[in-house]
Each structure stands twice: as C-alpha cells, then as structure tokens.
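# here is my input; please provide its structure:
(one chain, ligands or ions: 2)
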Amino acid sequence: MSAVAAPVSRVERALAGWLVERPPTVQRLPVAVLSREQKAAELARVQARKAMDAAYEAELVLGLADESPDDDDPAPGTPGARSWKPDAELPGVSEFFTAELALVLNCGRVAAGKRAHRAWIYRESLPATWAALAAGELDEYRAMTLVEVLQHTDPATARQVEARLLPRAAEWTAGMLRKRATELLLELDPHSAARRERQARRRADVRVYPSPQHGMATVAADLPPEVAAACFEVVDRLARMLKVDGDDRPIGELRCEVYAALLQRPWEHAGPPVTAHLQIVATLASLAGRSDECGEVNGLPITAAHLRDLLRQLDALGIGVPEGGSLTVGLTEEDGVLRATATLDQLRRLARRGCLDHPGTDCGCAVLDRPQPTDRYRPTAAQQRFVHTRDRTCRFPTCGQRVGCADADHVVPHTHGGPTDCANLCCMCRSHHRLKTHARGWRFQISDDGVLTVTTPSGITRTTRPPGMRPPPAAPDPPPEPTAPDHDPPPF
Ligand SMILES: [Zn+2]
Ligand SMILES: [Zn+2]
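Ligands and ions are numbered 1, 2, ... in the order given. Modelled structure (predicted):
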C-alpha cells in the first residue's frame, strides 16, 4: 500500500484525468431478480466493497496530505505563527490541510481531522489492518475500533497488538475486539492508559449543542468520571430539596433549573452585568404598506417614512435596547439581501430628521443605506455592524463558528488593493482568518451581496451565502401554452 513513487507517464496522467472526470458509479444487481441467498451474498459483497473503499479513501487522504507539506506554514517565532500546539495533526503536513480536507469532503473540521488522523494511524501503526480493509476482509467499524484503542501508543506496540488480534478480529464483536485490544495494550504498554487520559484531558471542553428535546439546547462538559459524578450529585441533591419543599415539577426540570442557577449565580451582583446584543431584521417590503408590492421593492430607497413605520412596529412590540447591551436593526430586501443596519438611536434620529435636501417634506429620498467604503484599513463601526448582521457566523464553508466582535476580514487583502467596503469584508473565525492570511494556494472571492466562494489548493470550490439570503430562484417555468376558449376540461 505504501506507494513507491514510480515515474508516471503522460498517458497514465491523461488516463487518470479522464477517469476522475466521470461521475461515480456503483455496480448494482437487479434486486428483484435475486433469490434470498443471492441477496444475502450480495449484501456481504457490499460490506466488502465498503471496506475496500474505506482503505482507498485513506490512501487518497494521505496522498492529498502529501501534496500539502508544512514548508510554507508560518514558522514558530515568526509573525502569524500559531501560539498553541495542536493535538492531532499530521507530522510534516501543513496545519491548513484539515481545513482543505473539510472543504473537499464537505464536512466539519473536526470530522475531517479525525479522518485524516485515522488514515495516518493506518499507515504508521496498523498497516496490516489497512491491508485487510483493502482486501475487503475486515469491515471499517472493526478497523476503526482498533484505531481508537491504539492511536495513542507507539507504532511498534500498536503493530504487536495488531499482529495478535487481527487474524481473529472479524470473528469477535466490535465490543470484544475493543476489550481485547485494550487489555493487550495495557500488558505491552502499561503507561498507555495514563497517557490517553492526559490527552483526553487536554482535549476536554464545554460544549453547547441543540438538544433532541424541541426548542432546547444541551450544555456538556468533559470531566474525569469522579468529578462528573460529584457535580451531578450536587445538582441532584439541591433539586430533591426543592421537591421536598413542595415544588411539584418533574425532577429533571428541577435539576436543570438548579444547574443553570449554580452556573449563572443570579444572587451575586458583584460580577459584570450580563449583557445582551439583540439583532432584529425587518424586510423593507413589510414597511409603509409596501407589502402588497412584493418583489417590487428591491433597490428602492429607504425613506424616513419607512423608518417611522419600523419604529412604530418596534415600539408596539415593546422592543428596546437591553440594559448594558445593544440593539441592531437590519433592513433586508424581499430576497433577504441585507440593505442597511442601524442602531435604535440612529433610526430615531434619521426618522426625525428626514432628508437633508428637502426638510419638512415626505420626499421619498434615501435616509439610510449600505455603509460607504472607507480609505482606512479598519472598517468603520457602521461597516462592522453591517457585516456582522449579514454574516452572523464565520463564513468559511462548513464552519459556522460564532465570531466575536473581531474585525470583519478583508476578502481581497487591503495590502493587495482590496477596499474597505462591505462588498469586500466578511466574518471569519480566528482559525479560518489565519488560514486566509497564511495558507498558500487558496482563492477567496466575494460578491457584492456577500456570497463567498472559496477554492482549495486542490481545486475544490464551495460557496456560502449570507444566512438570511434566500437561494436564487429556480429558472422560470416556460410560459403556459395559450388555451383555446372552448378547451375541454381534462378527464379527471
Ligand atoms: Zn429628499
Ligand atoms: Zn471558521
């Protein structure tokens, strides 16, 4: 499997070029004509093919990684060098490779990193497992089980465990395989358990993700088991005390309330006040009675009358600036493209003042629009507000990380003549901002409406649209055939 670089002929290259252009195919048998035994046999063949594909995928991932050496990465101690040491990156491979793989596979960075790391482990530590996959003799799930247990030990030990278990691995359940591999590893490398624990601790984090319960989110923290048990014990005891005091809500609901209260400590007023930053988005068409003219408002000026109408609606809903926080109002076109943003104060001022050229009349001139470009490097406050309202999260395809109040990033760098204009600014999380600044061979383009197109050094292009923007309309239907006046109704 370890590819010895043989000279590649021009014919081979041309042939490979032709092959990768073709759409993928799968060998299928007509299921309806297969007997029961044939269906079962074909299912077994499909499992073998999946394993073979998994081995092939790992080979491709490693091949792509080899195209992305770390020579061009910012060297330690130079500007742009990262200040942290990553856990699972491939030695000698660019730190930006995982982001590239995520775009190629169209998956998140964590998932891409896991796949790259697994491929690396197959090659370095579990070559026989990799070969068994490639031959379709071992399924991917069992191979991944071996990777999981053996990825943190040295390659020599991993290969020893592999040599002992692989011949019978397919006979055991994945659970048994994991147990045997763990036991054998402990025997050969007694310190491996402590090392894995240390590594797990370094990767620990607190996470928030959508809960399967409707409208809820889950907070989770990775903790040593005894600490986790102690934390739960505290929450549970307090919840039971509430219950004894007569609160008859379900115990789960009480635990959740206790949990949130312990973390937020509403009884302590010493800390910094909790601030909220509200964003409200309104469609221009919904203002000043224009909703009847759907589709006709795009590009029309935002007038003082619009703003008065918007303020009336906000006041009617009782919406104001939260204490210590901020309120940004965004105005969008019918198709969701952001036209302008303003704070509540600005809205009131503009609505009162109206148009400067025609004071005291309802002239219909624009009083608010997209922020003007500036000559300076730093975006203006209005531009920051606009871009943050438009983008909401990191715009790198497959990312979606929340971004702080950091500067919006120039898509075409300022030093390369990129203007400080909303059409050349977008939100990037820190890690993708670094990639954009330091990784070689990437191309970034942004449209006037903020549609961002990213192309990897390997030529895969992905596009992200601002989250509020609706997808472009499908091609219009052909005009209906003119119908004769005496057309018979269809017979149904
Ligand atoms: Zn005017
Ligand atoms: Zn990002």
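# kindly export stretch 110-130 (C-alpha atoms) in PDB.
Extracted in PDB, the C-alpha atoms of stretch 110-130 (Å, rounded to 0.1, in the frame of the first residue of the first chain):
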ATOM      1  CA  VAL A 110     -13.400  18.000  13.400                       C
ATOM      2  CA  ALA A 111     -14.700  15.200  11.300                       C
ATOM      3  CA  ALA A 112     -12.100  15.900   8.600                       C
ATOM      4  CA  GLY A 113      -9.300  15.900  11.200                       C
ATOM      5  CA  LYS A 114     -10.500  12.600  12.500                       C
ATOM      6  CA  ARG A 115     -10.500  11.000   9.100                       C
ATOM      7  CA  ALA A 116      -7.000  12.300   8.300                       C
ATOM      8  CA  HIS A 117      -5.700  11.100  11.600                       C
ATOM      9  CA  ARG A 118      -7.200   7.700  11.200                       C
ATOM     10  CA  ALA A 119      -5.600   7.400   7.700                       C
ATOM     11  CA  TRP A 120      -2.300   8.300   9.300                       C
ATOM     12  CA  ILE A 121      -2.700   5.700  12.000                       C
ATOM     13  CA  TYR A 122      -3.500   3.000   9.400                       C
ATOM     14  CA  ARG A 123      -0.200   3.800   7.600                       C
ATOM     15  CA  GLU A 124       2.100   4.300  10.600                       C
ATOM     16  CA  SER A 125       0.700   1.900  13.200                       C
ATOM     17  CA  LEU A 126      -1.800  -0.500  11.700                       C
ATOM     18  CA  PRO A 127      -0.600  -1.400   8.100                       C
ATOM     19  CA  ALA A 128      -2.000  -5.000   8.300                       C
ATOM     20  CA  THR A 129      -5.400  -3.600   9.400                       C
ATOM     21  CA  TRP A 130      -5.300  -1.300   6.400                       C
END
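# which residues touch it?
Here stretch 110-130 makes contact (Cβ atoms under 8 Å, 6 or more residues apart in numbering) with 1-2, 55, 57-59, 61-62, 65, 88-90, 93, 97-99, 101-102, 105, 133, 138, 143-144, 146-147, 150-151, 153-155, 158-159, 162-163, 166. For the C-beta atoms, the positions are set from N, CA and C on the backbone; glycine is no exception.
# repeat that for 7 Å
Stretch 110-130 has contacts (Cβ atoms under 7 Å, 6 or more residues apart in numbering) with 1, 55, 58, 61-62, 65, 88, 90, 97-98, 101-102, 105, 138, 143-144, 146-147, 150-151, 155, 158-159, 162-163, 166.
# in helices, which of these appear?
Among the contacts of stretch 110-130, the residues falling in helices (DSSP state H) are 55, 58, 61-62, 65, 97-98, 101-102, 105, 143-144, 146-147, 150, 155, 158-159, 162-163, 166.
# mind checking which of those are buried?
55, 58, 61-62, 65, 97-98, 101-102, 105, 143-144, 146-147, 150, 158-159, 162, 166 (16 or more other Cβ atoms under 10 Å).
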